[in-house]
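**Q** Here you go, sequence then predicted model.
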Amino acid sequence: MTYLLDTDHISILGRTQGPLHRALVARLAAVPESEIGFPIISYHEQLLGCHKFIQAARTPDQMVRGYELLEDLRRLFATAQIVPFDAAAAAECSRHSPGRLRVGTMDLRIASIAIAHGLTLLTRNSADFSRIPGLLHEDWTAP
């Protein structure tokens, strides 16, 4: 495996349309699927988003939509190669303080997975991820 998709790139894949989706899919098509991984942290983030949407639902239509989003998430991750937050990632994560780096905790965990496994992170959030020493990152949605 060579690349790890950040949550933002995974969200773009899930949209199935638009210029960012087309750009990302075109780049991914040139890479064998075995070279692409999804961090377990992204599944966690997306799952929390679905949960929040479902909890806030006030109408039957909103509730149905929330569970449709959850099912879409399940399908997307069912076909993905999931990269765990393992002991190596935890050790990398513990070397840094999110507050000192001015990055979110989940972003630091995703970056730690990438660093620990020698992967390049695919993200649109280069402003935050560039603060993490040793992390290689690229934006595959840029034209």
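**A** Perfect, thanks for sending it.

**Q** most centrally placed residue in the chain?
**A** Thr7 (2.2 Å; CA atoms, centre = their mean).

**Q** could you list every residue that touches it?
**A** Contact partners of Thr7, counting by CB atoms under 8 Å, 6 or more residues apart in numbering, are 39, 41-42, 45-46, 106, 110. For every residue, glycine as well, the C-beta is placed using N, CA and C.

**Q** what's around the nearest residue to Ala116 once chain neighbours are set aside, how many residues?
**A** With sequence-adjacent residues excluded and distances taken as CB to CB, 6 or more residues apart in numbering, Ala116 is closest to Ala88, at 3.9 Å. Using other CB atoms under 10 Å, Ala88 has 14 neighbouring residues.

**Q** which other helices and strands contact the helix or strand of the chain with the lowest mean pLDDT?
**A** Of all the helices and strands that make up the chain, helix 98-101 has the lowest average by mean pLDDT, DSSP states H and E, namely a mean of 79. When contacts are defined as 3 or more CB pairs under 8 Å, 6 or more residues apart in numbering; DSSP states H and E, helix 98-101 sits against helix 105-116.

**Q** pLDDT averaged over the helix it packs on - what is it?
**A** On average, the pLDDT along helix 105-116 is 97.

**Q** Got phi/psi on Thr79?
**A** For Thr79, the backbone dihedrals (degrees, to the nearest 10) come out as phi -100, psi 0.

**Q** now it: how far from Leu73?
**A** Separation of Thr79 from Leu73 (CB to CB, to the nearest Å): 12 Å.
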